[in-house]
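> sharing a model that was predicted from the sequence below.
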Amino acid sequence: MYLFINARSRNAQEKLSLCAENSRKIFRTAKKHNTFTYKSTSPVALGFGIIGALVLGYVVQKYLPPPVPKIVGFDLGTTFSSAAVYHAGTGDVEIIRDHLGRKAFPSVVAFLKNGTVIVGHDAVAQSEHNPTRTFYDAKRFVGKDFTETEFRKEVSRYPFEMVLNGTKALFFMAPNKTIAPEEIGAHILRYLKTLTQRQLELSPTVIKQSVMSAPAEFDDQQKNATRQAAGRAGVEVLRIISEPTAAALAYGLHKKESVEYVMIVDLGGGTLDVSLLFIQGGMFMTTAMAGNNHLGGQDFNVRMLSHLISEIEAYCGDNCTLTDKEDIQNLRLAVESAKIDLTSTMETLIDVKLHSLVDPVSTKPPLHFKYNFKRSRFESLNGDLLLQILNPIKAVLEDAQLSKDQVDEIVLVGGSTRIPEIRRIVADFFQKSPNYGVDPELAVVTGVAIQAGVMGGGWPLQVAATELPAKLKKIHVYREDI
């Protein structure tokens with residue numbers, strides 16, 4: 001029998017040769033001591049055979065080209081989405097990027113009049129010119145039933161139109177033309193799938209299976225709708241795991257013997273979700289969950305935007321009102337960029353040109369507006385909102401009848417938890433530092449990719465997440481509208 005090995009380097013070939021020679025020595029030694037013959041299957045002979053096979057198998061596994069990941073982890077988020085794969089052999093998780101190296105992509109889909117569909121950052125960039133056909137927040141509506149009152153309240157804050165078909169929400173594109181939230185999700189997943197194929201240099205037929213995440217509160221109907229979105233993108237969903245479980249997997253908390261209770265605080269662009277997990281022997285059970293479906297990074301942006309508009313109108317004088325949609329959208333993009341900058345610096349410059357306003361110096365448009373935005377200003381504008389993160393945390397502890405001292409680990413998830421003041425508030429409450437070593441925006445997709453690797457038989461072996469069903473209702477901690 002012949003074994004053909006395509007080693008990737010001279011060093012690999014040398015190590016394989018050494019392995020083979022060591023294996024031959026093992027068998028020669030066994031034969032010399034009469035512990036191995038072709039007619040014998042003694043325990044010693046069997047032991048030598050197993051050792052030789054393990055040594056050879058280890059080296060072959062280590063130095064052969066790793067198998068191509070075929071199961072992708074997808075995090076289809078409310079505000080941002082991402083994808084990742086688990087590499088068997090190394091145990092590394094590879095986050096999928098675009099051509100500019102970005103790892104998280106806005107969950108935004110735009111439809112142009114010529115039929116072109118644009119997804120992600122490009123969709124956001126054109127949104128100021130196409131606000132009524134640029135859709136986002138589709139995850140809020142996937143598989144969910146609405147009453148007329150609930151629907152009207154939910155959609156009132158969007159620049160695009162939506163219609164209620166029975167109990168299901170649909171995005172309105174044109175007369176007699178609507179699109180379901182699942183189709184919006186499908187466009188995002190197709191985009192992520194294409195990026196994955198490009199980065200891993202795979203043909204379109206290779207990636208057909210995935211593991212996906214979903215909020216812990218999603219019921220079967222919402223999970224099935226998520227599966228439908230993936231199916232429309234040509235991807236089978238092998239399993240859906242909860243976002244808190246995925247975050248815990250990313251930190252390897254299921255491997256720590258001393259860890260039982262884990263608090264997951266997930267603050268994204270539009271929602272706040274807090275979950276308490278009980279972990280034991282690789283099993284995960286959500287024991288309580290609470291949150292605010294209308295509190296997130298976008299709300300911080302609203303406060304910043306309102307402040308800037310006041311500053312602009314005060315600067316340009318009487319009869320100066322900023323109402324132009326394109327200028328406001330341009331300012332929104334500048335605010336989002338400034339908010340991100342303020343997570344790592346104490347001050348940042350906002351520099352925008354507003355074409356609908358007259359500059360008081362030149363007496364001509366555009367108004368070139370510059371403003372130094374300080375972190376302290378951000379915190380004072382949003383102080384009450386930042387503190388509201390504690391409300392669902394307290395509600396979860398009360399519902400689980402647990403004291404904060406009994407929580408072994410706290411994990412911060414979601415891009416908004418990069419805000420230093422949020423980390424301080426959580427740390428002060430628990431009197432211990434929360435986990436945020438894994439990029440908060442990518443913690444969920446990292447855990448999902450690990451689960452995908454387990455399902456694909458990845459090496460080194462990982463503990464699969466077994467989620468125990470728990471019939472819980474999420475406690476909604478609402479705030480007054482801004």
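Everything's here; your move. Because the structure is predicted, anything quoted here is derived from the model rather than measured.
> run through who's touching the helix or strand where Ile422 lies.
Secondary structure assignment for Ile422, by DSSP states H and E: helix 420-430. Helix 420-430 is contacted from outside by 263, 265, 267, 343, 375, 379, 386-387, 389-390, 393, 404, 407, 410, 412, 416-417, 433-434, 436, using Cβ atoms under 8 Å, 6 or more residues apart in numbering. Backbone N, C-alpha and C define where each C-beta goes, glycine included.
> quick one: contacts for the residue nearest to Lys144 when sequence neighbours are not counted?
Leaving aside its chain neighbours, Lys144 sits nearest to Gln222 (6.2 Å; criterion: Cβ to Cβ, 6 or more residues apart in numbering). Listed by Cβ under 8 Å, 6+ apart, the contact set of Gln222 reads 142-144, 214.
> next structured bit after whichever strand or helix holds Gln222?
Here Gln222, judged by DSSP H and E, is contained in helix 220-232. Next helix or strand after helix 220-232 toward the C-terminus (DSSP H and E): strand 236-242.
> just want the angle from the very next helix or strand once past that following strand to strand 236-242.
Sequence-wise, the next helix or strand downstream of strand 236-242 (DSSP H and E) is helix 243-250. Here the directions of helix 243-250 and strand 236-242 differ by 90 degrees (axes from the mean of the first three to the mean of the last three Cα atoms, to 10 degrees).
> okay, the angle between the helix or strand just after helix 243-250 and strand 236-242?
The first helix or strand that comes after helix 243-250 along the chain, using DSSP H and E, is strand 261-267. Relative orientation of strand 261-267 and strand 236-242, computed by the same axes, to 10 degrees: 110 degrees.
> any buried residues in the next helix or strand after strand 261-267, and which?
Per DSSP H and E, the first helix or strand lying C-terminal to strand 261-267 is strand 272-280. For strand 272-280, the neighbour count (16 or more other Cβ atoms under 10 Å) marks 272-279 as buried.
> rebuild the residues you listed as JSON lines, extending it with pLDDT.
JSON lines is the format used below for these (pLDDT from 0 to 100):
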{"residue": "Leu272", "pLDDT": "95"}
{"residue": "Asp273", "pLDDT": "95"}
{"residue": "Val274", "pLDDT": "96"}
{"residue": "Ser275", "pLDDT": "96"}
{"residue": "Leu276", "pLDDT": "96"}
{"residue": "Leu277", "pLDDT": "94"}
{"residue": "Phe278", "pLDDT": "93"}
{"residue": "Ile279", "pLDDT": "90"}
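> export the residues you listed to CSV and tack on distance to Gln329?
Below are the buried residues of strand 272-280 laid out as CSV (distance: Cβ to Cβ, whole Å):
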residue, distance to Gln329
Leu272, 25
Asp273, 28
Val274, 32
Ser275, 34
Leu276, 39
Leu277, 39
Phe278, 45
Ile279, 44
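> among the residues you listed, which two are most distant?
Leu272 and Ile279 (22.2 Å; Cβ to Cβ).
> low-confidence ranges, the chain, go.
1-66, 458-473, 478-482 (pLDDT under 70).
> tell me how it divides into domains.
10-63, 256-295+386-442+459-476, 297-384 (automatic domain parsing).
> hey, which of the ones you listed is tucked in deepest?
domain 256-295+386-442+459-476 (a mean of 19; mean count of other Cβ atoms under 10 Å).
> what's the span of that domain, first residue to last?
31 Å (Cα to Cα, to the nearest Å).
> please identify which of the domains of the chain is closest to Lys113.
Of these, nearest to Lys113 by Cβ to Cβ is domain 297-384, at 17.4 Å.
> so how far is that closest one from its chain's centroid?
Centroid separation between domain 297-384 and its chain, computed with Cα atoms, centre = their mean, to the nearest Å, is 29 Å.
> show the end-to-end separation of that domain, please.
End-to-end distance (Cα to Cα), domain 297-384: 14 Å.
> do stretch 101-112 as well
Using Cα to Cα, one end of stretch 101-112 lies 26 Å from the other.
> flag every buried residue along it.
103-111.
> farthest-apart pair in these, please.
Longest distance between any two of the buried residues of stretch 101-112 is 25.3 Å, between Lys103 and Phe111; criterion Cβ to Cβ.
> circling back to that earlier point, just the contacts of Gln222 now: which is nearest Val72?
Among these, Ala214 lies closest to Val72 (Cβ to Cβ), at 15.7 Å.
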